[in-house]
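>>> Quick one, fold the following:
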Amino acid sequence: MRIAVIGAGAWGTALAQVAIRGGDVTLWAREPEIAAAIAAEHENAAFLPGFKLDAKIRATSDLAEAAAGAKAVLLVVPAQFLRNVARDLARVLEPGVPVVLCAKGIEARTGALMTEVAAEMLPGRDLAVLSGPSFAHEVARGLPTALVLASTTEGLAERLAIRLARPTFRLYVSDDPIGAEIGGAVKNVLAIAAGIVEGAGLGDNARAAIVTRGLAELIRLGRALGARPETLTGLSGLGDLVLTCTGASSRNHALGVALGQGKTVAQATSGKRAVVEGVASAHPVRARAKRLGVEMPLVEAVDDIVNGGVSVEDAVQRLLGRPPKAEGWR
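Predicted coordinates:
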C-alpha cells in the first residue's frame, strides 16, 4: 500500500518515517526548497532537525506527483490550511483512495471540525482520523507511542492500522472519529491554559485542576457533537490532554508559559515557524460551544487572553470567582 503524506511539517515528516517501514511513501512539502532538501540530504532541517530520514522516502512539492499511485493519504497540513489543500488534492487523487486526517484543530473562519471540512472538500471519500498523545520528535526517534485511528467506514481503520503500525507505534482502532478529533482540537486550547498556570507561578494544584476541569469541558462539547465519553477519556482525549498540558515540547504549552510570564501572543510567537493551533482554535471552539449551549469557562478564559486582550490576572480572578457548582461533566 503506497502512502502519500501530504504536509512536511514535523508531524508529517515523522509519520512518513513511520510509514516507510511498511511500504512506499511520498512526502509532499508546500515549499519546493524543503522538498529538495529532504530529497538531497534526507533531513527536514526546517521542521524536524537532527533526524536522518529513510532514503527511500520520496519528497516532492508537486501534489499530483505525491498523490499518483497512492492507496491511502495521510493529510497532515495545519488545520487552517486543510481546506485549500484538500480542495487541490480532490483534483488529483484517484477515486476510492481513503484520506486520514492527522491535523489537530478547528477551522477558525467557520468553526468546522476537520472531518466536516474534509467531507465538504473531498466528497464521497472514506475518511479516518489519527489522533492521540504524540510529539513528532519522539515518534521520529522510534520511542513508544500509542494513538487512535478512527473511522466509520467498516474495516478501514483496521486495514490502515495494519499498514502503519510498528513495534513502537501502536494503533488502537475506533468507530468514533468525532470523539478522536475533538480531543485533538480542544486540548491545544487547554494546553495554553496549563502553560499560563506554570508561567504565572500558580502551582501544581492549579495545573491539576486545569487538566481535570479541562477534561470535563472537552467531554461536554464532545457529547454535544455526538462523540462518546469513553473516547474522550482515552488516548485521543485524556491522553493527548495530559501530554500537551505537561510536556515541555508542546508548542501550545510553551506559548501559555510565555503569556503567564507577561509576554504578548505576538512576542511569544515571533520568529517561530511552527503553527500554534490553540491560538487559532480558541475562539471558534468557544463560539461553537456557545451555539450548542455547552459551558467551557477555561476555553473562554484562554480566548479572552489570546484574542480579547484580557490580562492573565483578570482571567484567573474571573475563573476563581465563578459560583460553586457540582463536580462532573454533565
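
>>> Could you give the number of residues near residue 185?
When neighbours are defined as other CB atoms under 10 Å, residue 185 has 27 of them. Yep, even glycine has a C-beta here, placed from its N, CA and C like the rest.

>>> How about the one 5 residues further on?
Residue 190: 30 surrounding residues under other CB under 10 Å.

>>> correct me, but it touches residue 300?
No. Applying CB atoms under 8 Å, one finds residue 190 not in contact with residue 300, separated by 11.8 Å.

>>> what sits against the residue most central in space within the chain?
Central residue of the chain (CA atoms, centre = their mean): residue 104, 2.2 Å from the mean position. By CB atoms under 8 Å, 6 or more residues apart in numbering, the contact list for residue 104 reads 79, 114, 131, 181, 184, 185, 187, 188, 240, 277.

>>> Please flag which of those sit within strands.
Cross-referencing those against strands under DSSP state E gives residue 131.

>>> What is the nearest of the contacts of residue 104 to residue 123?
residue 114 (15.1 Å; CB to CB).

>>> The closest one reaches residue 130, doesn't it?
No. If you go by CB under 8 Å, residue 114 and residue 130 don't touch, sitting 10.7 Å apart.

>>> can you list residues touching both of those two?
Joint contacts of residue 114 and residue 130 (CB under 8 Å, 6+ apart) are residue 101.

>>> sec struct for the closest residue in space to residue 300 that isn't next to it in sequence, please.
Spatial nearest neighbour of residue 300, excluding adjacent residues (CB to CB, 6 or more residues apart in numbering): residue 286 at 5.5 Å. Classification of residue 286 using DSSP: H, G, I helix; E, B strand; the rest coil returns helix.

>>> the more surrounded of residue 114 and residue 130?
Using other CB under 10 Å, the more surrounded residue of residue 114 and residue 130 is residue 130, with 30 against 26.

>>> Please name the nearest non-neighbouring residue to the more buried one.
residue 102 (4.8 Å).

>>> What's the local residue count around that neighbour?
Quick note: residue 102 (other CB under 10 Å) scores 25 neighbours.

>>> Residue numbering should commence at 679 henceforth.
With 679 as the first residue, the last one maps to residue 780.

>>> For it, give me phi and psi.
For residue 780, the backbone dihedrals are phi -110, psi 0 (criterion: degrees, to the nearest 10).

>>> surely it meets residue 691?
No. Judged on CB under 8 Å, residue 780 makes no contact with residue 691 at a distance of 11.7 Å.

>>> okay if I get the contacts of residue 782 as JSON lines plus distance to residue 831 and pLDDT?
Converted to JSON lines, those look like this (distance: CB to CB, whole Å; pLDDT from 0 to 100):
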{"residue": "757", "distance to residue 831": "22", "pLDDT": "92"}
{"residue": "792", "distance to residue 831": "16", "pLDDT": "96"}
{"residue": "809", "distance to residue 831": "17", "pLDDT": "97"}
{"residue": "859", "distance to residue 831": "15", "pLDDT": "95"}
{"residue": "862", "distance to residue 831": "19", "pLDDT": "89"}
{"residue": "863", "distance to residue 831": "21", "pLDDT": "89"}
{"residue": "865", "distance to residue 831": "25", "pLDDT": "93"}
{"residue": "866", "distance to residue 831": "27", "pLDDT": "92"}
{"residue": "918", "distance to residue 831": "23", "pLDDT": "96"}
{"residue": "955", "distance to residue 831": "26", "pLDDT": "85"}
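
>>> got a winner among the contacts of residue 782 for most neighbours?
Counting by other CB under 10 Å, top hit in the contacts of residue 782: residue 865 with 33 neighbours.

>>> which element is residue 883 on?
Remark: residue 883 resides in helix 882-902, with elements defined by DSSP states H and E.

>>> do the same with residue 695
Judged by DSSP H and E, residue 695 forms part of helix 688-697.

>>> counting contacts, what elements does that helix pack onto?
Helices and strands touching helix 688-697, by 3 or more CB pairs under 8 Å, 6 or more residues apart in numbering; DSSP states H and E, are strand 681-684, strand 703-706, strand 750-753, helix 814-819, helix 834-842.

>>> among the contacts of residue 782, which are in helices?
By the criterion of DSSP state H, membership of the contacts of residue 782 in helices covers 792, 859, 862, 863, 865, 866, 918, 955.

>>> my guess is the fourth one meets residue 959, correct?
Read that as residue 863. Yes. Residue 863 lies in contact with residue 959 (CB under 8 Å); the separation is 5.8 Å.

>>> Perfect, that will be all.
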